[in-house]
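Enquirer: this is a predicted model, with the sequence first.
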Amino acid sequence: MNIPASNSTLSDPPKRLFSTEAHWTYNILLPTWPVIIVFGLLANLTNIVVFLKAGVKDNVTTLMLSLSVSDFLYLTIIAPSTYIFIVSHFADNRLFPFDTNLITDCCTGQPLCFMISLHLYPFGWV
């Protein structure tokens, strides 16, 4: 006797995850993301000015200066484009734009890890 593996048919639309992770991501994290980016830019700009005024004398200050510069560039280029990508995709879909399997495979349902994986999504890494 043939028993189907699931009760769904091929015509059923794929199920989307709309759970606490989705609620946390779209109602708490995304509205605060521009604020986080602005404060990150100001903090990194302050670090760059302080390190340049103090002078780059050893390896530690060189590494801290390069970390501040790279984080500043990340916050000015990649983070806003990722934010625009997520918001526009959410506006098109009105559901959580990624399915359950992607969240489970990429980050085991952790919202913070999920947001880290979203940074790589526009570049095809996920």
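Expert: Ah, there it is. Numbering: from 1, shown residues only.
Enquirer: A helix includes residue 64, no?
Expert: Yes. Per DSSP: H, G, I helix; E, B strand; the rest coil, residue 64 lies within a helix segment.
Enquirer: which residues touch it?
Expert: Applying CB atoms under 8 Å, 6 or more residues apart in numbering, we find residue 64 in contact with 47, 51. Glycine gets a C-beta too; all of them are placed from N, C-alpha and C.
Enquirer: distance of it from residue 55?
Expert: Using CB to CB, to the nearest Å, residue 64 is found at 12 Å from residue 55.
Enquirer: what's the answer for residue 45, then?
Expert: Taken as CB to CB, the spacing of residue 45 relative to residue 55 amounts to 18 Å.
Enquirer: could you list the low-confidence segments of this protein?
Expert: 1-30, 83-126 (pLDDT under 70).
Enquirer: pop the domain breakdown of it in here.
Expert: The record assigns the chain these domain ranges, following automatic domain parsing: 38-95, 96-126.
Enquirer: circling back: more neighbours: which of residue 45 and residue 55?
Expert: Neighbours per residue (other CB atoms under 10 Å) separate residue 45 from residue 55, with residue 45 holding more: 13 against 8.
Enquirer: mind checking the SS state of the more buried one?
Expert: With three-state DSSP as the basis, the three-state label of residue 45 is helix.
Enquirer: check contacts around it.
Expert: The contact partners of residue 45, taken as CB under 8 Å, 6+ apart, are residue 72.
Enquirer: likewise residue 40?
Expert: Contacts were defined as CB under 8 Å, 6+ apart; by that measure residue 40 touches 71, 75, 79.
Enquirer: what do you get for residue 44?
Expert: Counted by CB under 8 Å, 6+ apart, residue 44 has contacts 68, 69, 71, 72, 75.
Enquirer: now the buried members of the residues you listed.
Expert: Listed as buried from those are 68, 71, 72, 75; burial here means 16 or more other CB atoms under 10 Å.
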